[in-house]
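Q: how would this look folded up:
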Amino acid sequence: MDKKIRILAINPGSTTTKIGLFDDLDLLFETSIAHSATDLKKFPTVQSQLNFRIGTVEKTMSEHGYAMADVDVYSARGGGLASVEGGVYEVTELLVQHASSGISGTDHPAQLGSQIARNFGITYGKPAYIVNPPDTDEFVDVARITGLKGIYRESHLHALNQKETALRFCQEHGLNYEDVNLIICHTGGGISITAHREGRMIDSNDILMGSGPMSPNRAGDMPYLKIIELAYSGKYSQEELSSKLNESGGLMDHFGTSDFEEICALTLKGDSIARTVLDGMVYQNAKYVGAMAVALRGKVDTIILTGGIAKNETFVRKLTSYISWISKIVVMPGEHELEALAAGALRVLRGELTAKKYSGIPVWSGF
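A: Modelled structure (predicted):
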């Protein structure tokens, strides 16, 4: 029997560092290390957290009784890069340079992932990869156009879980991802609803810039003149308004909590406002599924519901009542980001996939 490949998957988030250790795809352990606001306040920038995050991973591995030197490959969430096609990318010096500077214009801990993997890769002489980073952009040109010259729609979505869900579905059903059309609804704190046409994510809502259905933490689409009124009301700074719309909007703004199950419980107690708001959220999700069906010209093989909210039977039932006429629906609940990172690296090391080289040249930079 061939020796299994030991993979360390690393996913830095805003307030957590998630890691998983795999032998091939057999999980040895996974954990999410929470970072308190007090801990993070010590660092003036995301980039200055790098050594802290590296130390967190090393300490966690040691606590679970595993040696860093025994890892065969490091696979991390990417971020902060020029736009790229989906795939697995070798972590190179150029990629790390762009991630550390946040060349994409973002400032998110995801950009630390490649740097952490590169650090361990150099230290222990092992390969390091990122998999379907959030900078993945496979949009068709017509999806980019807006009503203002020089302002374009960009691809910001849950690329890692979207792609892994698509690949898992195809593998389970004996399909080739490059031969099918899918609509995948990633439903969590943020929601991305994406048209996958023959292996490419050709259109979606923008989770970073604020388009799409409302979600537990995000306001979603709103009349833009209303937002302009808020911006000039004197009540908010730019940072405060951005946070209200994209971090504490949605269910959080309506109810003071983003816990979907908690708000569902209110509806069971007869709270009519909670029922109306949740029904509105379902309705908005359904409209975006319809929009993605149009992007696929009605040729939809399957609609897949994934993410944390897809575990909720009421949400799934109500959403299904709107969209079942479009195509068959498959529910694949939960997020599989650590597994996706491990699977991507494993496909490369098994020779099933060739790792791509990051060029630093955006796949799209305007018309």
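
Q: Counting neighbours, what do you get for residue 362?
A: For residue 362, the neighbour count with other C-beta atoms under 10 Å is 15. Bear in mind the C-beta positions are built from the backbone N, C-alpha and C, glycine included.

Q: That one: what's it in contact with?
A: When contacts are counted by C-beta atoms under 8 Å, 6 or more residues apart in numbering, residue 362 touches 82, 83, 137.

Q: again with residue 212
A: 191, 192, 193, 205, 206, 218, 220, 221, 284, 288.

Q: how close does residue 339 get to residue 353?
A: 16 Å (C-beta to C-beta, to the nearest Å).

Q: what's the burial count for the closest residue to residue 323 other than its chain neighbours?
A: Leaving aside its sequence neighbours, residue 323 sits nearest to residue 289 (C-beta to C-beta, 6 or more residues apart in numbering; 4.8 Å). By other C-beta under 10 Å, 24 other residues sit near residue 289.

Q: and residue 289, what element?
A: Assigned by DSSP states H and E, residue 289 belongs to helix 272-295.

Q: do the same with residue 244
A: helix 238-246.

Q: Need the contact partners of the lowest-mean-pLDDT helix or strand in the chain.
A: Least confident helix or strand, the chain: helix 37-40 with a mean of 88, by mean pLDDT, DSSP states H and E. Outside helix 37-40, the residues within contact range by C-beta under 8 Å, 6+ apart are 15, 49, 52.

Q: Same list (these) but as a markdown table, adding secondary structure.
A: Converted to a markdown table, those look like this (DSSP: H, G, I helix; E, B strand; the rest coil):
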| residue | secondary structure |
| --- | --- |
| 15 | coil |
| 49 | helix |
| 52 | helix |
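
Q: so which of those residues comes closest to residue 92?
A: The shortest gap between residue 92 and any of the contacts of helix 37-40 belongs to residue 49, at 21.9 Å (C-beta to C-beta).

Q: By neighbour count, which of the contacts of helix 37-40 wins?
A: With neighbours defined as other C-beta under 10 Å, the most crowded of these is residue 49; it has 20 neighbours.

Q: re the thing from before, name the next helix or strand downstream of the helix holding residue 289, please.
A: Scanning onward from helix 272-295 (DSSP H and E), the first element met is strand 302-307.

Q: Mind giving me the packing neighbours of the following helix or strand past that following strand?
A: Elements were assigned by DSSP H and E; along the chain past strand 302-307, the next helix or strand is helix 313-323. Counting contacts by 3 or more C-beta pairs under 8 Å, 6 or more residues apart in numbering; DSSP states H and E, helix 313-323 packs against helix 260-268, helix 272-295, strand 302-307, strand 329-333.

Q: before we move on, the earlier item: got the buried residues for the helix holding residue 289?
A: Of the residues in helix 272-295, those with enough neighbours to count as buried (16 or more other C-beta atoms under 10 Å) are 274, 277-278, 281-282, 284-286, 288-293, 295.

Q: Return the distance of the helix or strand harbouring residue 62 from the chain's centre.
A: Using DSSP H and E, residue 62 sits within helix 50-63. Chain-centre distance of helix 50-63: 23 Å, with C-alpha atoms, centre = their mean, to the nearest Å.

Q: go on, stretch 337-349?
A: Its chain's average C-alpha position is 15 Å from that of stretch 337-349, according to C-alpha atoms, centre = their mean.

Q: And for that stretch, what's in contact with it?
A: Here stretch 337-349 makes contact (C-beta under 8 Å, 6+ apart) with 5, 7, 9-11, 18-20, 22, 24-25, 27, 30, 72-73, 75-77, 88, 127, 129, 131-132, 160-161, 163-164, 167, 353-355.

Q: So for the residue positioned nearest the centre of the chain, what's the pLDDT?
A: By C-alpha atoms, centre = their mean, the chain has its centre lying nearest to residue 158, at 2.6 Å. We note a pLDDT of 93 for residue 158 in this prediction.

Q: in the stretch 1-150 of the chain, which spans are strands?
A: For the stretch 1-150 of the chain, applying DSSP state E, counting those that start in this stretch gives strands covering 6-12, 16-23, 26-34, 73-76, 88-90, 128-131.

Q: Thank you kindly, that will do.
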